[in-house]
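Asker: Can you look at this prediction? I've put the sequence above it.
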Number of protein chains: 2
Amino acid sequence: MQLTLKDIARMVGVAESTVSRAINNKPGVGEDTKQKILSIAKQFNYRPNQLARGLANKQTNMIALFIAEMKSPSAIEIISSIEKAANQAGYQVILCNINHDLAKEKAYLELLDTNQVDGAIFAGGQLADEHLIKASLSGENKIILLNRLTEELLLPSVITDNSRGTYLATEHLITQGAQRIALLTDENESLIKEEKVSGYQKALEEHAIAYNQNLVIDSQGSREAGYHAFLELINLSDPPDAFLATNDLLTVGLVEAIKMGGYFIPLDFLLVGYGDNLLTSIFDPSLTVVKEPYQELGQKAVDFLTDSLAGKKLAEMIVVLDPVLKIRKSSIKN
Amino acid sequence: MQLTLKDIARMVGVAESTVSRAINNKPGVGEDTKQKILSIAKQFNYRPNQLARGLANKQTNMIALFIAEMKSPSAIEIISSIEKAANQAGYQVILCNINHDLAKEKAYLELLDTNQVDGAIFAGGQLADEHLIKASLSGENKIILLNRLTEELLLPSVITDNSRGTYLATEHLITQGAQRIALLTDENESLIKEEKVSGYQKALEEHAIAYNQNLVIDSQGSREAGYHAFLELINLSDPPDAFLATNDLLTVGLVEAIKMGGYFIPLDFLLVGYGDNLLTSIFDPSLTVVKEPYQELGQKAVDFLTDSLAGKKLAEMIVVLDPVLKIRKSSIKN
DNA sequence: AGTATTTCCGCAAGCGCTTGCGAGAGTGGG
DNA sequence: CCCACTCTCGCAAGCGCTTGCGGAAATACT
């Protein structure tokens, strides 16, 4: 059986409250008794019951991490950066894999209502915004959005500059000679998708290339979707000469389809993908990608959350981080 | 402010205990009052405070998931399968990314001592076995091992048949004409590594091929290690004609090095990797791999844990699942 | 020496929920 | 009509911890 405060109190011969104060390093306990308490506590390996503590304090030091799509290689970057930052800040993270399932999102939202977590970070996805709003307003639930846009900016958010990512990529492709650039988007991230499209359009405009609706394929954002997008595009009367896939799963599917079709990159098509991970290093030729600053995204989201849990007023409601274009071989015609 | 049992009790005009029993569907409360209670509770969206409940019940419905190496693509398979299974069983999972860091493992072990979780699953890794044993014996902490071997079988474990995986792979390579098969292992999983080596040796023996110590490279199991292993092997007086990499990071690094060296697969070397994920689909030529049954591993580990939390005697202490060899092009000389 | 402070510590209530026990009301059998 | 029983429900203690308040002891001040 676990030792309790009461046990320690009895052993030392003081009241529970004194032990509590000593353990938590609070004022109001003499130096000598404090030392005695601490030494006994350590000797018997006393561990405060966090449930009881949480009940009394109304905080759990746990946060929920909602992940829209776990299979994506970049998700793991986000997850581990958040785990790391949270851990350093003294929080545990509960993994909530939403998998684009509204029911799961709702179910996991209960964690907030039932006081099991102090706050939550929503990474990606675009489901059930009303629920989020309601959740964040109903309690004093602290919710941070990461790479997830809502209609109105009601929740603290940290995102990458999505239009800049596609802008950089598109412009790069154009300077490499591409004229008909296909854009593969993920309909699950509706608002973010719009930003990505707008960056793409801006680059086209600047180079006086007409926007062609046929070259923009909106899909489920999955690997299969990437695959099918290629099949659809290749059958156009005026097929693309370059591709820009806006997430890593789409990128993989697209590449698979290109290979299946017997085409070569960058010979037949130029290609810029998304996400920078193991894939890009192994892919031949090496992949040019838009890379998001995963580490910073996670860190910033946790900072937001811990600050707001600590009751601090946030200096800003949103922080926008820049993606970088990692130019490799897949987008260079040689 | 959150509604409490007391609030509901006052509204309905009964005692807290009655409300509690009604909510938890326990006997001892009349059908009509029960309905009245439930309807009011629903109407006001009452949510029991899980901390308080946990304190009274001595259980949290949370489990800790210890992951040795999160960057590995197969880790995500394990993680999501466990999250799914745990979720279905009514448990939340706390992500504990150990990252081969003993200090972090110890720190996260506190979750068990402080009653924040009901149990834990250790996936991979080979650190601090004494701590595990101590933790599992000290409290009634329920700990399950997944793909992690200990000296003595003290904890319920679910693993893949490691020697079978390397046996299958090695034999396959031999039948494809390989004579000097290099084996890349991960020293972090010491006991599992031994099994893998033994499967490799068994296949060699059966085909009367002498075991050559120089062809076995033990390393940190990282991508870099895979890369360097190749450099080391290629400089042997009698370099290998085939490679078997025993985890997915090693596989990636190895492939990178092979490409950097200007060699072609399967022309110059046959190759069998580990893990079956996005990589294998994108790699050209497609990778032959040993695939572990991630889904089943996770499910079984969770079953073990929930059974033992429910107080059931486990039918067996260990379950061993078979890996399968997915034969693709990288190991077929054509 | 007497009073005013300060320091140290214990008492007890409270966090929100569960549960053993017993009282009262209702039912049936003799 | 009375007793024995069953069904409902409330009382109160308890889970392990925190914290406001007040008392006692120790120190400071006139």
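Answerer: Received, thanks. Residues are numbered from 1 along each chain as shown, chains lettered A, B, ... in the order given.
Asker: Give the buried residues for the strand or helix carrying A:Tyr167.
Answerer: A:Tyr167 belongs to helix A:162-175 when assigned by DSSP states H and E. Applying a neighbour-count criterion of 16 or more other CB atoms under 10 Å in any protein chain shown, the buried positions in helix A:162-175 are A:162-174. Yep, even glycine has a C-beta here, placed from its N, CA and C like the rest.
Asker: so which of these would you say is closest to B:Gly54?
Answerer: A:Asn162 (40.8 Å; CB to CB).
Asker: Isn't that closest one up against A:Ser190?
Answerer: No. Under the criterion of CB atoms under 8 Å, A:Asn162 makes no contact with A:Ser190, lying 11.9 Å away.
Asker: what does the helix or strand harbouring A:Ala86 rub up against?
Answerer: Of the helices and strands defined by DSSP H and E, A:Ala86 is found in helix A:73-88. Taking contacts as CB atoms under 8 Å, 6 or more residues apart in numbering or on different chains, the residues outside helix A:73-88 that touch it are A:63, A:65, A:67, A:69-70, A:92-93, A:95, A:121, A:123-124, A:146-147, A:247-248, A:274-279, A:292, A:294-295, A:297-299, A:301-303, B:70-71, B:73, B:75-76, B:95, B:97, B:104, B:107, B:278.
Asker: next one: stretch A:255-270
Answerer: Where contact means CB under 8 Å, 6+ apart, the residues beyond stretch A:255-270 that reach it are A:173, A:176-178, A:223, A:226-231, A:234, A:240-243, A:271, A:273, A:283, A:285, A:329-334, B:281-282, B:284.
Asker: tell me the mean pLDDT for it?
Answerer: For stretch A:255-270, mean pLDDT rounds to 93.
Asker: tell me the contacts of the closest residue to A:Leu271 other than its chain neighbours?
Answerer: Nearest in space to A:Leu271, with sequence neighbours left out and distances taken as CB to CB, 6 or more residues apart in numbering or on different chains, is A:Ser330 at 4.4 Å. Taking CB under 8 Å, 6+ apart as the definition of contact, the neighbours of A:Ser330 are A:265-266, A:270-273, A:283, A:285-288.
Asker: Could you work out the most separated pair of those residues?
Answerer: Between any two of the contacts of A:Ser330 (CB to CB), the greatest distance is 14.1 Å, for A:Leu270 and A:Phe283.
Asker: related to what we said a few turns ago, so which of the contacts of stretch A:255-270 belong to helices?
Answerer: Applying DSSP state H to those, the entries found in helices are A:173, A:223, A:226-231, A:234, B:281-282.
Asker: Out of those, which end up buried?
Answerer: Applying 16+ other CB under 10 Å to the ones in helices among the contacts of stretch A:255-270 flags A:173, A:223, A:226-230, B:281-282 as buried.
Asker: Please identify which of these is nearest to B:Gly13.
Answerer: For B:Gly13, the closest of these turns out to be A:Arg223, at 57.8 Å, with distances computed as CB to CB.
Asker: so what's that closest one closest to, chain neighbours aside?
Answerer: Nearest-residue entry for A:Arg223: A:Gly253, 3.9 Å, with adjacent residues in sequence omitted and distances by CB to CB, 6+ apart.
Asker: Okay, now the unreliable bits of the stretch 101-250 of chain A?
Answerer: By pLDDT under 70, the weakly predicted segments of the stretch 101-250 of chain A are A:127-141.
Asker: show me where it has helices.
Answerer: For the stretch 101-250 of chain A, the helices defined by DSSP state H, counting those that start in this stretch cover A:102-113, A:129-138, A:162-175, A:190-206, A:223-234, A:248-260.
Asker: Which one of those helices lies nearest to B:Ala22?
Answerer: helix A:102-113 (19.1 Å).
Asker: For the residue in the stretch 101-250 of chain A that DNA strand C sits nearest to, grab the count of nearby residues.
Answerer: For the stretch 101-250 of chain A, the residue closest to DNA strand C is A:Asn115, as judged by CB to the nearest atom of the strand, at 7.5 Å. A:Asn115 has 22 neighbouring residues, counting by other CB atoms under 10 Å in any protein chain shown.
Asker: For the spatially most central residue of chain A, list each beta-bridge partner.
Answerer: Centrality entry for chain A: nearest residue to the mean C-alpha point is A:Ala123, 3.6 Å, by CA atoms, centre = their mean. Per DSSP bridges, residues listed as beta-bridge partners of A:Ala123: A:Ile67, A:Leu146.
Asker: what residues are up against it?
Answerer: Going by CB under 8 Å, 6+ apart, the list of residues near A:Ala123 reads A:65-68, A:75, A:78-79, A:82, A:146-148, A:301.
Asker: Same question for A:Leu321.
Answerer: Contact criterion CB under 8 Å, 6+ apart gives A:158-161, A:292-293, A:296-297, A:300 as the residues in contact with A:Leu321.
Asker: For it, give its distance to DNA strand D.
Answerer: 36 Å (CB to the nearest atom of the strand, to the nearest Å).
Asker: Next, that residue: phi, psi?
Answerer: phi -110, psi 150 (degrees, to the nearest 10).
Asker: Quick check: residues of chain A near DNA strand D?
Answerer: A:2, A:4-6, A:16-17, A:20-21, A:23-24, A:26, A:28, A:47-49, A:52-53, A:55-57 (CB under 7 Å from any atom of the strand).
Asker: 10 Å - rerun?
Answerer: If contacts are counted using CB under 10 Å from any atom of the strand, the residues of chain A sitting beside DNA strand D are A:1-9, A:15-24, A:26, A:28-30, A:41, A:46-59.
Asker: Those residues: which ones sit near DNA strand C?
Answerer: Intersecting those with the contacts of DNA strand C gives A:5, A:9, A:15-22, A:26, A:28-30, A:51-58 (criterion: CB under 10 Å from any atom of the strand).
Asker: could you flag which of the residues you listed are buried?
Answerer: Among those, the ones that count as buried by 16+ other CB under 10 Å are A:5, A:9, A:18-22, A:29, A:51-55.
Asker: Assign the nearest residue to A:Asp113 once chain neighbours are set aside to helix, strand or coil.
Answerer: Using CB to CB, 6+ apart and skipping the chain neighbours, the partner closest in space to A:Asp113 is B:Arg47 (4.3 Å). Three-state call for B:Arg47 (DSSP: H, G, I helix; E, B strand; the rest coil): coil.
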